[in-house]
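Participant: Quick one, what's the 3D model for this:
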Amino acid sequence: MNNILTVSQINKYISFKFKDDINLKNKLVKGEISNFTHHLKTGHFYFTLKDNESSIKAVMFADFAKAVKFRPENGMEVIAAANVQVFERDGIYQLYVYDMYPSGIGILHLAFEQLKEKLFKEGLFDDAHKRPLPKYPKKIGIITAKTGAALQDMLNIISRRYPICEVLLIPATVQGENAPASICKAIYFAMETDCDLLILGRGGGSFEDLSAFNSEQVARAAYDCTIPLISAVGHETDVTILDFVADLRAPTPSAAAELAVPDKNFILGLLNGYLERLEKATINLINEKERRLDSYALKFASLSPQGKFERACEKLVGVKERLEKAILKIISENEAVVDKNFEKLEALNPLNVLNRGYALVYVKEKAVGSIASLVEGDEVKIKFSNGEAVAVVKEIRN
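Facilitator: Below you'll find the model as predicted:
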């Protein structure tokens with residue numbers, strides 16, 4: 001009787017066996033959904049996966065079910081990521097699904113989504129780790145295939161938009177089995193250069209062609225990169241893991257080149273604007289300094305000995321002019337008086353009497369004012385207005 005086991009013991013034993021079997025963990029199982037039930041109260045998914053020969057029950061708990069990005073339906077073929085375990089109560093094994101995708105999305109897409117979720121949880125996509133791009137890069141490193149058309153497009157755009165920028169080509173294999181290692185090597189090499197910006201990318205291709213940029217190895221190398229990094233992979237509709245890790249995602253390699261460097265025409269316009277503002281500011285400053293200098297010159301002139309001397313000279317000139325005017329006025333007034341007195345003297349001048357027919361008599365140069373001054377025999381000089389005559393007194397009559 002000691003060999004008798006209970007049902008629970010058997011189911012528990014089998015459950016342990018399943019849990020210990022590594023081959024039953026983290027498996028991708030492809031099958032068609034049937035008997036699908038979304039338990040609204042709990043949020044769990046209950047369904048069966050089947051193929052042409054067999055079926056297996058499956059459950060997806062609410063925490064995982066909420067992350068499913070499509071609506072599962074009966075008849076839909078899916079790929080389920082699951083562990084195979086025993087449901088001990090019923091003694092049946094079933095799939096415990098933790099992720100699920102439509103099978104048409106393919107294994108690469110499934111791996112893409114799983115890696116994306118993993119790296120997101122680790123914080124490799126956080127904005128806090130993103131660095132701003134240099135506004136005016138001096139040297140740009142381009143990691144891509146050296147023979148690709150994408151390289152020529154980027155070089156042409158950079159040389160046209162910002163010809164003073166130096167470009168360093170860091171060749172790498174961008175497709176195939178060796179691509180991830182080659183890209184990582186190029187990233188770590190770039191960090192030893194003096195580049196201040198990196199562009200990593202390639203032209204368009206299928207999802208499989210771009211798989212190197214969806215590798216965990218490349219994602220971690222991009223995260224470790226100490227230089228601002230632009231992801232420029234494929235076309236605008238292509239999205240890679242690198243896009244989420246890089247500091248900036250460009251929709252195409254050409255767009256990456258445009259985002260990496262400024263436009264020289266814009267810079268020239270900006271510089272011309274600055275030049276005009278500088279010229280105006282310089283002229284205004286010069287004018288202001290000249291006004292201040294003139295003000296200081298006036299103040300200096302008013303305080304300097306030379307200024308005082310010049311002002312004294314100006315004052316002296318003014319005094320001189322006023323004095324000259326006063327003197328001229330006095331002279332003019334006195335001349336008028338003199339003229340008037342002269343007229344009076346002229347009127348009293350005895351010589352003027354001669355003009356009226358009178359004459360003056362002199363004896364020995366003395367004017368004779370009376371007959372009593374004369375004696376007979378005196379020689380007299382008779383002065384007329386127009387000449388003189390000499391005579392001898394013969395007779396005196398009273």
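Participant: Flag the shaky bits of the stretch 1-150 of the chain, pLDDT-wise.
Facilitator: The stretch 1-150 of the chain contains residues with pLDDT under 70 at 1-2, 104-107, 110.
Participant: residue ranges for the strands of it, please.
Facilitator: Ranges of strands within the stretch 1-150 of the chain are 27-38, 45-50, 55-60, 77-87, 92-102, 139-144, based on DSSP state E, counting those that start in this stretch.
Participant: just those: most buried one?
Facilitator: Most buried of these, by mean neighbour count (mean count of other Cβ atoms under 10 Å): strand 139-144, with a mean of 24. Where C-beta positions appear, they are placed from N, C-alpha and C, glycine not excepted.
Participant: hang on, the earlier thing: out of the strands of the stretch 1-150 of the chain, nearest to residue 372?
Facilitator: strand 139-144 (143.0 Å; Cβ to Cβ).
Participant: what are the ranges of the helices in this structure?
Facilitator: 7-20, 62-65, 106-122, 149-161, 179-190, 216-224, 241-245, 253-260, 264-303, 305-348, 350-354 (DSSP state H).
Participant: which ones are touching residue 81?
Facilitator: Listed by Cβ atoms under 8 Å, 6 or more residues apart in numbering, the contact set of residue 81 reads 26-28, 97-100, 110, 114.
Participant: Nearest to residue 181, out of those residues: which one, please.
Facilitator: Nearest to residue 181 out of the contacts of residue 81 is residue 114 (Cβ to Cβ; 21.2 Å).
Participant: distance of the closest one from residue 98?
Facilitator: For residue 114, the distance to residue 98 equals 10 Å [Cβ to Cβ, to the nearest Å].
Participant: And for residue 251?
Facilitator: Following Cβ to Cβ, the distance that separates residue 251 from residue 98 is 33 Å.
Participant: and if you look at residue 199?
Facilitator: Distance from residue 199 to residue 98, by Cβ to Cβ: 37 Å.
Participant: And for residue 71?
Facilitator: 18 Å.
Participant: Please apply the same query to residue 73.
Facilitator: 20 Å.
Participant: Share the number of residues neighbouring residue 174, please.
Facilitator: Residue 174 has 25 neighbouring residues, counting by other Cβ atoms under 10 Å.
Participant: Next: residue 325.
Facilitator: 10.
Participant: got it, and residue 195?
Facilitator: Neighbour tally, residue 195, other Cβ under 10 Å: 21.
Participant: Could I get the phi/psi values of it?
Facilitator: Phi and psi for residue 195, reported as degrees, to the nearest 10, are phi -70, psi 140.
Participant: Quick check, it in contact with residue 141.
Facilitator: Yes. Contact status for residue 195 versus residue 141: in contact at 3.8 Å, counting by Cβ atoms under 8 Å.
Participant: Can you pull the residues that touch both of the two?
Facilitator: 168, 227.
Participant: who's sitting farthest from the centroid in the protein?
Facilitator: The C-alpha centroid of the chain is most remote from residue 395, which lies 135.2 Å away (Cα atoms, centre = their mean).
Participant: Who are the contact partners of that residue?
Facilitator: Neighbour list for residue 395: residue 376 [criterion: Cβ under 8 Å, 6+ apart].
Participant: how far away is it from residue 376?
Facilitator: 6 Å.
Participant: cool, residue 4 as well?
Facilitator: Residue 4 is 220 Å from residue 376, by Cβ to Cβ.
Participant: Looking at those two, which is more packed in?
Facilitator: Neighbour count, other Cβ under 10 Å: between residue 4 and residue 376, residue 376 has more, with 9 against 6.
Participant: Can you name the residues that contact the spatially closest residue to the more buried one that is not a sequence neighbour?
Facilitator: Distances taken as Cβ to Cβ, 6 or more residues apart in numbering put residue 393 closest to residue 376, at 5.3 Å, once the chain neighbours are dropped. Applying Cβ under 8 Å, 6+ apart to residue 393 gives the contacts 374-380.
Participant: and of those residues, the nearest to residue 67?
Facilitator: Lowest distance from residue 67 to the contacts of residue 393 (Cβ to Cβ) belongs to residue 380, with 167.8 Å.
Participant: I'd guessed that closest one sits against residue 391; true?
Facilitator: Yes. The pair residue 380 and residue 391 passes the contact test of Cβ under 8 Å, sitting 5.4 Å apart.
Participant: Between the two, point out the one with more neighbours.
Facilitator: residue 380 (15 against 11).
Participant: Mind listing what's buried along stretch 143-161?
Facilitator: Buried residues in stretch 143-161, counted by 16 or more other Cβ atoms under 10 Å: 143-145, 148, 150-151, 153-154, 157-158, 161.
Participant: Format the residues you listed as JSON lines; extra columns: distance to residue 32.
Facilitator: Listed next are these as JSON lines, based on distance: Cβ to Cβ, whole Å:
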{"residue": "143", "distance to residue 32": "44"}
{"residue": "144", "distance to residue 32": "43"}
{"residue": "145", "distance to residue 32": "42"}
{"residue": "148", "distance to residue 32": "42"}
{"residue": "150", "distance to residue 32": "42"}
{"residue": "151", "distance to residue 32": "46"}
{"residue": "153", "distance to residue 32": "45"}
{"residue": "154", "distance to residue 32": "47"}
{"residue": "157", "distance to residue 32": "50"}
{"residue": "158", "distance to residue 32": "52"}
{"residue": "161", "distance to residue 32": "54"}
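Participant: now, the most widely separated pair of those?
Facilitator: So for the buried residues of stretch 143-161, where distance means Cβ to Cβ, the most widely separated pair is 145 and 161, at 22.5 Å.
Participant: How much space separates residue 3 from residue 241?
Facilitator: Residue 3 is 56 Å from residue 241, by Cβ to Cβ.
Participant: what do you get for residue 325?
Facilitator: Taking Cβ to Cβ, one finds residue 325 at 106 Å from residue 241.
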